[in-house]
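Participant: Whatever this is, show me its structure:
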Amino acid sequence: MTSAEILLLAVALGMDAFSVALGVGVVVSERRQVFRLSWHFGLFQFLMPLVGWQAARLLSPRIGAFGNWVGAGLLFLIGGRMLQEGLRRGKGRSDESRMDPTRGWSLVGLSVATSIDALGVGFGFGLVQADLFRACVVIGQAALVMTWLGLRLGKVLGDRLGAFAEVLGGGVLVLLGVRMLVA
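Facilitator: Numbering: from 1, shown residues only. Now for the predicted structure:
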């Protein structure tokens, strides 16, 4: 695989991270949260091709279809919670009890959901005999940068649209989950 092919693959894989970060960015604004989500999305995008490559050696390729269900379910769960909280906030309820998607199981769930495609790519890496480690580093870096950009843009939208942006962000996550099931 050439460097250009690896970069194109990394950007393609990073699009899910960007889309999810855009939706989450409406509720995430602190530097620590931005770092945490960007770091974890990049880390999971780096690790999942390695896991996929190893799993391909041990398991059947049928696992890839199951991964889409897991990723979609996680996006539905987190997106649904954001929708619910955005609607509550729109009715004048306090922001203080708002879920932080950059902590705990929400963080892990989003990280897994955005990197399911990278798991599938790992299956293919064994077939093309690519420089696996170098490709994984580029994929992880691209996801980190694209997540950061998505969070920044989501923050701008959140500041301008208020509670509606949180509902919109949750809707984006749910739609990404639907796309994961249909594709």
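Participant: OK, contacts around Arg134?
Facilitator: Ile6 (CB atoms under 8 Å, 6 or more residues apart in numbering). For glycine as for every other residue, the C-beta is placed from the backbone atoms N, C-alpha and C.
Participant: Which residue ranges of this structure form helices?
Facilitator: 3-24, 31-58, 63-90, 104-128, 132-161, 163-182 (DSSP state H).
Participant: what's the least confident stretch among these?
Facilitator: Note on those: helix 63-90 shows the lowest mean pLDDT, a mean of 70.
Participant: Pick out the residue nearest the middle of this structure.
Facilitator: Thr114 (3.0 Å; CA atoms, centre = their mean).
Participant: okay but that one is in contact with Met146, surely?
Facilitator: No: using CB atoms under 8 Å, Thr114 is not in contact with Met146, being 9.9 Å away.
Participant: Enumerate every residue touching the residue nearest to Leu173 when sequence neighbours are not counted.
Facilitator: Leaving aside its chain neighbours, Leu173 sits nearest to Gly79 (2.9 Å; criterion: CB to CB, 6 or more residues apart in numbering). Contacts for Gly79 (CB under 8 Å, 6+ apart) come out as 23, 169-174, 176-177.
Participant: switch the cut-off to 10 Å
Facilitator: Gly79 sits next to 20, 23-24, 101, 110, 113, 169-178 when contact means CB atoms under 10 Å, 6 or more residues apart in numbering.
Participant: cool, Arg152 as well?
Facilitator: 21-22, 25, 29, 34.
Participant: from these, which two are the most distant?
Facilitator: Spatial extent of the contacts of Arg152 (CB to CB) is set by the pair Leu22 and Ser29 at 13.7 Å.
Participant: more crowded one of these two?
Facilitator: It is Leu22, of Leu22 and Ser29, that has more neighbours when counted by other CB atoms under 10 Å, with 24 against 14.
Participant: From Leu144, how far out is the more buried one?
Facilitator: For Leu22, the distance to Leu144 equals 15 Å [CB to CB, to the nearest Å].
Participant: Same question for Phe164.
Facilitator: When Phe164 is compared with Leu144 (using CB to CB), they lie 28 Å apart.
Participant: the more surrounded of these two?
Facilitator: The neighbour comparison of Phe164 against Leu144 (other CB under 10 Å) goes to Leu144, with 22 against 16.
Participant: check contacts around the more buried one.
Facilitator: Contacts of Leu144 by CB under 10 Å, 6+ apart are 14, 17, 35, 37-43, 45-46.
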